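K.L.:
here are the coordinates; sequence isn't available:
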């Protein structure tokens with residue numbers, strides 16, 4: 001697929017990866033991979049190695065939690081650790097507004113502006129992680145260390 005045929009959100013992720021000093025490992029699949037289970041099946045990896053980019057609404061401000069595909073985020077636990085008010089799942093419109101990407105394809109990078117980001121510590125158990133790359137057909141591979149570095153995420157238990 002030529003770069004001209006790549007959707008704008010995926011181009012933004014590719015540019016961000018390079019600008020942040022990471023490899024452009026974006027892979028575009030024939031079929032959609034909008035869930036951790038679908039991505040793991042397509043990639044032939046453990047669902048726990050899939051990095052879900054989950055956007056939450058924290059008093060009108062986006063909070064991005066990079067969580068293992070095998071995890072269910074405990075928003076009460078996260079709020080307690082952050083010392084904040086209630087954390088709510090963001091609407092699809094809120095996600096698109098703040099990331100430029102649709103739910104099911106949100107990447108950890110490539111957003112219009114920096115988003116406060118948390119990184120699920122359990123992801124460090126995997127040598128290679130896979131994350132969404134801006135749309136439902138694209139993902140990229142990365143190490144936990146590089147993901148932490150490029151996102152400047154706060155590492156913490158989120159489940």
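P.N.:
That came through fine. Just so it is clear, the model here is predicted, and its values are computed rather than measured.
K.L.:
Work out which residue lies at the spatial centre of this protein.
P.N.:
The residue lying closest to the centre of the chain (Cα atoms, centre = their mean) is residue 53, at 2.7 Å.
K.L.:
How about the contacts made by that residue?
P.N.:
64, 65, 66, 99, 106, 107, 108, 131, 132 (Cβ atoms under 8 Å, 6 or more residues apart in numbering). Just so you know, the C-beta spots here come from the backbone N, C-alpha and C atoms, and that holds for glycine as well.
K.L.:
Try it again at 7 Å.
P.N.:
The contact partners of residue 53, by Cβ atoms under 7 Å, 6 or more residues apart in numbering, come to 64, 66, 106, 107, 108, 131, 132.
K.L.:
Make CSV out of these and add pLDDT, neighbour count and distance to residue 119.
P.N.:
Below are those laid out as CSV (pLDDT from 0 to 100; neighbours: other Cβ atoms under 10 Å; distance: Cβ to Cβ, whole Å):
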residue, pLDDT, neighbour count, distance to residue 119
64, 98, 26, 9
66, 98, 25, 5
106, 97, 29, 15
107, 98, 30, 14
108, 98, 27, 9
131, 98, 26, 11
132, 97, 31, 15
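K.L.:
Show me which of those residues is closest to residue 116.
P.N.:
residue 64 (6.9 Å; Cβ to Cβ).
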